[in-house]
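Asker: Take a look and give me a structure for this.
(one chain, ligands or ions: 12)
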Amino acid sequence: MLSVLSWGRALFLLSVVSPSVESKINRKSIIQQYNLKLNQSHPYSPVQVGNGNFAFGVDITGLQTFLPHNTLSSWGWHNSSLPSTPNQTSPADYTGVEWWTHGRLVNYEQPNPAEKEISQWMIANPHRINLGRVGLWFGGIKGGNISERQLSARCQELDLWEGAVTSSFSIDGAEVHITTIASPKTDTVAVKISSTLVRTAGLGVFFDFPYASGKNKFDTPFVGLFNATSNHTTSIEYRERAASITHTLDATTYVADIAWEGYARISRLHDDEHKYILATSQNSETLSFTITYAPQLGHKSSTVETIKDEAAVWWSDYWTNGAFISLPTATNSSANELQRRIVLSQYLLAVNGAGKDPTQESGLVNNGWYGKFHMEMVFWHLTHWMFWGKWDLYNRSIGVYERFLPSSFGRARKQGYEGARIGKMSDPSGRSAPGEINSLLIWQQPHPMYFAEMEYRAFPTEKTLKKWDHILTGVADFMASYAWWNSTKHQYDLGPPMYPVSENTNPNQTVNPTFELAYWRFGLDVAKKWQTRQNKSAPVRWTHVRDNLAPFPTEDGAYVIYEGIPNMWSTPKYTEDHPGLLGIYGWLPPDPRLNMTTFNNTIAKIHQTWNFPFSYGWDFPLLAITEARRGDAERAVQQLLDVNNAFDEVGMPVGGTRVPTPYFPSAAGLLLAVAMMAGGWDGFVGPVWPAGWEVESEGFVRGM
Ligand SMILES: *[C@@H]1O[C@H](CO)[C@@H](O)[C@H](O)[C@H]1NC(C)=O
Ligand SMILES: *[C@@H]1O[C@H](CO)[C@@H](O)[C@H](O)[C@H]1NC(C)=O
Ligand SMILES: *[C@@H]1O[C@H](CO)[C@@H](O)[C@H](O)[C@H]1NC(C)=O
Ligand SMILES: *[C@@H]1O[C@H](CO)[C@@H](O)[C@H](O)[C@H]1NC(C)=O
Ligand SMILES: *[C@@H]1O[C@H](CO)[C@@H](O)[C@H](O)[C@H]1NC(C)=O
Ligand SMILES: *[C@@H]1O[C@H](CO)[C@@H](O)[C@H](O)[C@H]1NC(C)=O
Ligand SMILES: *[C@@H]1O[C@H](CO)[C@@H](O)[C@H](O)[C@H]1NC(C)=O
Ligand SMILES: *[C@@H]1O[C@H](CO)[C@@H](O)[C@H](O)[C@H]1NC(C)=O
Ligand SMILES: *[C@@H]1O[C@H](CO)[C@@H](O)[C@H](O)[C@H]1NC(C)=O
Ligand SMILES: *[C@@H]1O[C@H](CO)[C@@H](O)[C@H](O)[C@H]1NC(C)=O
Ligand SMILES: *[C@@H]1O[C@H](CO)[C@@H](O)[C@H](O)[C@H]1NC(C)=O
Ligand SMILES: *[C@@H]1O[C@H](CO)[C@@H](O)[C@H](O)[C@H]1NC(C)=O
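Answerer: Ligands and ions are numbered 1, 2, ... in the order given. From the prediction side, this is the model:
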């Protein structure tokens, strides 16, 4: 076993790109303080194992016995049948809508009232599917109908350092021990069940497969329909000590490959259901098996022990590499809670937020927005990986800009703009779902510039320049052609129509939003530098737009969401939602237009007027980053621990009044804020922590 382990470690180290940090902090002892310990199923947030592309949520049994927590992946998607309404039977029948935009009609991907059915189909499809459920089958114990309350001495621990869940309980006077691990390499769950009941009472496991309805925008906490049994099929093929179940839901087909150790039997429960039972058929007190979900059969299965070792290596390397921080947890309860959030967010983001595509807001826990991901949220989901020096995890999905470039060019061309316009609510194909906000939001456009610049600071090579060159050029061309030359004011305006970050204004009146003006300038500036670094000259238009964007709009000596917004500070609907305008100082490096007196007035007004119970997600980390750049450590920490910014018992960021739990941008934003407080930015003078806090940190990448 030792040799397998060290061999695995050697292989892993060869593949690590970023240099590892010489660690002075005893990371393991800090991490393990926050191991989850539960004695009952958490009702809506599962304990999870996973690998970034695949996650498996469990109840108190370490499986999905009592609660059908989900098994979600990057690759499992389904289309409902197309509408049968005449002329609305294919995606090609969807034409969007045209809105007047600076004197011309522009086509936007919005629901068309004359194409209602196909518009809705385009929104809800494809949707992410729950791949299946695996639970304990109680066999002959008490007639097989057992509830959680009947289990005594329940006890569960997630060992964060090794990525393993161990669960135990007693029933009928016998102990049951279960170990649950996800493979870091394949979408496999490895399970070992030990109990005399395996031998004496037929204690085994069931596998069940749900249909996908695509009816719910938010499918939470459970995804899929287990009772629409006639709408889909499963079939089983047996091999030696293995069986594969092929699940077909309309055009979607995938395989659940189950392999066990020793002698066991798997059989279908009833002919008309999709439920299969695995139980041992020998004189054994353990049942060990793996279940691998994959689009096709063809992986090589490993034993439970091998997967356990591989996971232990992966997770301990994950914790050992990259940055780390140690807060004074023993002396200050706020520091302890912040450390808990940091450690559990690190675990959960590696499980839920490190796949081949950008993360959905609820990761791989449950589905929001039909399981789709949002291109404007990529900033929040991905940036922290760079700041923590976890470049390999950042790298897994950053290729999305390259992959989506053809559809981004197509979108801009169709709308009469130059370059590449990045979409919004997306599926892996790069299609952006119809939506008024979806089609009119613009703050996702400069994200590639932010990522490229951070990458170049860490890896200032030809390769980095080449990797981003055509992407930045495409996006900068769009940004420059989108900016509207206002010939009376001699400036470039952004919008209308458009939605700013806060999504709460009239798009036909929204012009020159503060944050977007700053981000446009930042993006075009990076795009120009990119050309200079390659000894090429940037298009004149980029520079002209960069240098002639409208000034930041103000009212009463403070910045406002957009130019001409009526009575912003006394209008409740404007003093809630994301306070995106603060992003001009903190999130972004200072803009030449920035006036700190005005900015300080703005943040003061936010503190006076904002409806914080209605805030959610990255709002609090954004405030923390802003306060940190202003040097106010107390307030920065307060924001991260704000009562409206809760993290539950298993570490999931609570959605709050607006969205379901979990809402991972809160976790990712927390890690970004902490990284900036510890590692700083250009011109930074020292870490931003409350007086008296002894903080040790290492390995953080400096921001801009
Ligand atoms: C479960 O844990 C909670 C909190 O740690 C404790 O208060 C409770 O008594 C425990 N219940 C059982 C049945 O062990
Ligand atoms: C869903 O339908 C779209 C449009 O027809 C197609 O491109 C896509 O591959 C389908 N996806 C799945 C998972 O069937
Ligand atoms: C469908 O399209 C045809 C031809 O474009 C048109 O004549 C017909 O009225 C349309 N039907 C409906 C229900 O819109
Ligand atoms: C904005 O203008 C479009 C037409 O260009 C119209 O359909 C829409 O209702 C307007 N929205 C608001 C909130 O006024
Ligand atoms: C299982 O037990 C519960 C009560 O614990 C009862 O409500 C339910 O009807 C039982 N189901 C079967 C199939 O016996
Ligand atoms: C199937 O289960 C869902 C809840 O998951 C329920 O709303 C629905 O009524 C059930 N349908 C049938 C046919 O039993
Ligand atoms: C299952 O199929 C039946 C018959 O085609 C259909 O009426 C029903 O709506 C389908 N159920 C779901 C959940 O799609
Ligand atoms: C912990 O630190 C915070 C921030 O400085 C401070 O407000 C709080 O009073 C401290 N709590 C304790 C128990 O020392
Ligand atoms: C990212 O992955 C690509 C291959 O997909 C590799 O060439 C590159 O070196 C990786 N970069 C980093 C920063 O890890
Ligand atoms: C210039 O901006 C003003 C408002 O700031 C607007 O009323 C005017 O229509 C704009 N002119 C052009 C040519 O876009
Ligand atoms: C910043 O704004 C304040 C208040 O509007 C003004 O008095 C001051 O002159 C401005 N500072 C600069 C450098 O423009
Ligand atoms: C803005 O606020 C920060 C934090 O309180 C302070 O350090 C800075 O001097 C202020 N700047 C101006 C121009 O008022």
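
Asker: Now the one residue in the chain that gets nearest to ligand 2. Its backbone dihedrals?
Answerer: Nearest to ligand 2, among the residues of the chain, is residue 79, at 3.7 Å (CB to the nearest ligand atom). Where you see a C-beta, it was placed from the backbone N, CA and C, and this is true even at glycine. The phi/psi pair for residue 79 (degrees, to the nearest 10) reads phi -110, psi 130.

Asker: repeat for residue 221
Answerer: Torsion angles at residue 221 (phi, psi; degrees, to the nearest 10) stand at phi -80, psi -10.

Asker: What of residue 188?
Answerer: Dihedral pair for residue 188: phi -120, psi 140, per degrees, to the nearest 10.

Asker: didn't it look like it was pressed against residue 303?
Answerer: No. Under the criterion of CB atoms under 8 Å, residue 188 lies out of contact with residue 303, with a separation of 10.9 Å.

Asker: Quickly note the distance from residue 372 to ligand 10.
Answerer: In this view, residue 372 and ligand 10 are 35 Å apart by CB to the nearest ligand atom, to the nearest Å.

Asker: Which parts of the stretch 151-300 of the chain are helices?
Answerer: Using DSSP state H, counting those that start in this stretch, the helices of the stretch 151-300 of the chain run over 196-200.

Asker: how about low-confidence regions in it?
Answerer: The model of the stretch 151-300 of the chain has no residue with pLDDT under 70.

Asker: So residue 136 versus residue 143, what's the distance?
Answerer: 15 Å (CB to CB, to the nearest Å).

Asker: Which one of those two is surrounded by more residues?
Answerer: Neighbour totals were compared for residue 136 and residue 143, and residue 136 leads with 27 against 8 (other CB atoms under 10 Å).

Asker: and that one, which of the three is it?
Answerer: Secondary structure assignment for residue 136 (DSSP: H, G, I helix; E, B strand; the rest coil): strand.

Asker: Run a quick neighbour tally on the nearest residue to it once chain neighbours are set aside.
Answerer: What sits nearest to residue 136 in space, not counting adjacent residues and going by CB to CB, 6 or more residues apart in numbering, is residue 65, at 4.4 Å. By other CB under 10 Å, the residues close to residue 65 number 25.

Asker: Residue 65 touches residue 147, doesn't it?
Answerer: No. Counting by CB under 8 Å, residue 65 sits too far from residue 147 to count as a contact (10.0 Å).

Asker: dump the residue contacts of the residue of the stretch 51-200 of the chain found nearest ligand 11.
Answerer: Closest residue of the stretch 51-200 of the chain to ligand 11, CB to the nearest ligand atom: residue 102 (30.5 Å). Neighbouring residues of residue 102 by CB atoms under 8 Å, 6 or more residues apart in numbering: residue 484.

Asker: 10 Å instead?
Answerer: 482, 484, 485, 486, 493, 495, 496, 497 (CB atoms under 10 Å, 6 or more residues apart in numbering).

Asker: now residue 286
Answerer: 177, 192, 193, 194, 195, 198, 199, 261, 262, 280, 304 are the contacts of residue 286 under CB under 10 Å, 6+ apart.

Asker: how close does the first one sit to ligand 7?
Answerer: Spelled out, that is residue 177. Distance of residue 177 to ligand 7, given as CB to the nearest ligand atom: 38 Å.

Asker: swap in the fourth one?
Answerer: Distance check for residue 194 against ligand 7: by CB to the nearest ligand atom, it reads 39 Å.

Asker: Could you give the number of residues near that residue?
Answerer: Residue 194: 17 neighbours (other CB under 10 Å).

Asker: ditto for the fifth one
Answerer: Residue crowding around residue 195 was assessed by other CB under 10 Å; the count is 22.

Asker: Equivalent analysis for the third one, please.
Answerer: Other residues within reach of residue 193 by the criterion other CB under 10 Å amount to 25.

Asker: By neighbour count, which of the contacts of residue 102 wins?
Answerer: Once you tally neighbours by other CB under 10 Å, residue 495 ends up highest among the contacts of residue 102, having 25 neighbours.

Asker: Residue 521 contacts residue 590, correct?
Answerer: No. Contact criterion CB atoms under 10 Å: residue 521 and residue 590 do not qualify, at 11.1 Å.
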